[in-house]
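In: fold the following and give me the result.
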Amino acid sequence: MVGIDPALRIGVIVVFIKEQYRYKVSYWKAWNAEQNAIETLFGNWKNSYAIMPTYLAAIAYHNEGTIYELRNNQCDDSYRVFDKNFWALSGSIEGFVHCRPIISVDATHLRGKYNGKLFIAMAIDANEGIFPLAFGYGEEESYETWNYFLKRVWHYVVKGRDGICLLSDRHRGILAVINSDAQFKEPKT
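Out: Numbers count the residues shown, from 1 in each chain. Predicted coordinates:
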C-alpha cells in the first residue's frame, strides 16, 4: 500500500488491516509499520540528506553549466546540517534568455522528519509554459534566506539582463531584500 501511495493516511492502513486480516492494530503500530515500509522502499531521511552533495555534484558533472551551492553547519565530525542551498540547471540558465522578463519566486513547506522551505524561481517561456529557473532550500523564510536565494538567481540566471520584473507573495523577507539592495530596484522607463 505504501509503495503505491507513500502519503497514505494511517487510518486507511488501520481499516485495511482490520478488513483484510480481521485484526485490530493500534494507530501507533500502523504508523510505525508505515515508517518502516517507507524507509525500506525509499531509504531513511539521514541518508537522503547525506547524499545531497553527491547528487548535486553528479547533476552538475553531467549537465555542464549547472550551478549549485551548499551551505551547511558542521555539528560534529559525524554529520552536517544543511543551512541553505541553491541549484540552477544549465538548461534553465541558458533558456531564460528566451523567456519573458518576469521572474516569479515563492517558497513552500517541506514536510517530514526535517522541516524547511523549498524556494523556487520560475519564468514563462515562449509557449506560455512554466519554466523553472532555480531552486533552493532554507530552514525558514527570512531576510537571510531570501537574500541568499535571490542574489544567486540574479547572479547566475539573470546575469545582468535589464528590465526584469519580480513577482512574489510580498513576504517580509523578500520585501526587505528588494528594499535593501540596488540591483532589485525598479527598472528605468
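In: give me the residue at the spatial middle of this structure.
Out: Nearest to the mean C-alpha position of the chain, by C-alpha atoms, centre = their mean, lies residue 118 at 3.0 Å.
In: where's residue 83 relative to residue 142, distance?
Out: Distance of residue 83 to residue 142, given as C-beta to C-beta, to the nearest Å: 12 Å. For glycine as for every other residue, the C-beta is placed from the backbone atoms N, C-alpha and C.
In: what do you get for residue 58?
Out: From residue 58 to residue 142 the distance is 30 Å (C-beta to C-beta).
In: next secondary structure after the helix or strand of the chain with the lowest mean pLDDT?
Out: Taking mean pLDDT, DSSP states H and E as the measure, the chain has helix 45-50 as its least confident helix or strand, at a mean of 76. Later in the chain than helix 45-50, the nearest helix or strand by DSSP states H and E is helix 52-62.
In: and residue 58 and residue 142? Which one has more around it.
Out: Set residue 58 next to residue 142 and count neighbours by other C-beta atoms under 10 Å: residue 142 wins out with 15 against 11.
In: what about the closest residue to the more buried one other than its chain neighbours, helix or strand, and which?
Out: Nearest non-adjacent residue to residue 142, counting by C-beta to C-beta, 6 or more residues apart in numbering: residue 173, 4.9 Å away. Using DSSP H and E, residue 173 maps to helix 172-180.
In: strands of the protein, start to end?
Out: Under the criterion DSSP state E, the chain carries strands at the ranges 67-74, 80-88, 102-110, 116-124, 130-138, 165-167.
In: including mean pLDDT and distance to residue 49, could those strands go into CSV?
Out: Output for the strands of the chain, formatted as CSV (pLDDT from 0 to 100; distance: least, C-beta to C-beta, whole Å):
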stretch, mean pLDDT, distance to residue 49
strand 67-74, 82, 10
strand 80-88, 83, 7
strand 102-110, 93, 11
strand 116-124, 94, 10
strand 130-138, 95, 10
strand 165-167, 88, 30
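In: which of those sits closest to residue 1?
Out: Counting by C-beta to C-beta, residue 1 lies closest to strand 102-110 out of the strands of the chain; the figure is 23.5 Å.
In: for the closest one, which outside residues touch it?
Out: Strand 102-110 is contacted from outside by 115-124, 133, 137-138, 141, 149-150, 153, 158, 164-169, 171, 174, using C-beta atoms under 8 Å, 6 or more residues apart in numbering.
In: what residue ranges in this protein are flagged as low confidence?
Out: 73-80, 185-189 (pLDDT under 70).
In: ok, longest helix in it?
Out: Of all segments of type helix in the chain, defined using DSSP state H, the longest is helix 27-42.
In: would you mind listing the buried residues in that helix?
Out: 30, 34, 37-38 (16 or more other C-beta atoms under 10 Å).
In: mind giving me TSV with these and columns for distance to residue 4?
Out: As requested, those are exported to TSV (distance: C-beta to C-beta, whole Å):
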residue	distance to residue 4
30	16
34	13
37	11
38	12
